[in-house]
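Colleague: Pasted the sequence and its predicted model underneath.
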Amino acid sequence: MPWMLRNIFRNILGLPATRKYPFEPVHYHHGVRGRLQIDLARCVFCGMCELICPAKAITKYGSKKDPDVTIHYNPFACIYCARCAEMCPSCAIYVHEQHTLPADRKITYGREDIPFSEDELP
Ligand code: SF4
Ligand code: SF4
């Protein structure tokens, strides 16, 4: 019992161990694999990301030369492994060091969406 007193007093008198979110900003560690962003202006629609994705979170619709070629990215299926970003030949996919915000819909990327705004990102 006496050995517990030290912990009890430390917890009563010490600073809170938790962050006062959302009143305090979250500081992410370097290298965190967070939000995924696809820059369609750089995308050549090669389909490599679709092939490499282990979670089948990216789907390319249409052929490369098709003007309506579209990429669908499903943040709900994504496991944020960043393989797509590593393999993309045109560096069109990058991973931000911020976690994904809550989303209630699938995000679709396509030529008609250029330029997409930050508000549309998951
Ligand atoms: S791998 Fe890169 S260039 Fe190829 S389709 Fe995916 S995002 Fe576009
Ligand atoms: S981060 Fe991984 S799971 Fe998510 S879309 Fe890219 S390859 Fe697929």
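Modeller: Great, that's in hand. Ligands and ions are numbered 1, 2, ... in the order given.
Colleague: Please name the nearest non-neighbouring residue to the residue nearest in space to the middle of the chain.
Modeller: Taking CA atoms, centre = their mean as the criterion, residue 35 is the residue nearest the geometric centre of the chain, at 2.1 Å. Nearest residue to residue 35 in three dimensions, chain neighbours excluded: residue 96, at 4.3 Å (CB to CB, 6 or more residues apart in numbering). C-betas here are computed from N, CA, C, even on glycine.
Colleague: Residue 72 falls within a strand, correct?
Modeller: Yes: assessed with DSSP: H, G, I helix; E, B strand; the rest coil, residue 72 lies in a strand.
Colleague: bridging residues for it?
Modeller: Judged by DSSP bridges, the bridge partners of residue 72 are residue 59, residue 108.
Colleague: correct me, but it touches residue 56?
Modeller: No: using CB atoms under 8 Å, residue 72 is not in contact with residue 56; the gap is 10.5 Å.
Colleague: neighbour-wise, which of those two wins?
Modeller: residue 72 (15 against 10; other CB atoms under 10 Å).
Colleague: distance of the more buried one from residue 5?
Modeller: 58 Å (CB to CB, to the nearest Å).
Colleague: Residue 51 too?
Modeller: 60 Å.
Colleague: re earlier: pretty sure the residue nearest to residue 35 contacts residue 37?
Modeller: Yes: using CB under 8 Å, residue 96 is in contact with residue 37, at 6.3 Å.
Colleague: which residues do those two both contact?
Modeller: Common neighbours of residue 96 and residue 37 (criterion: CB atoms under 8 Å, 6 or more residues apart in numbering): none identified.
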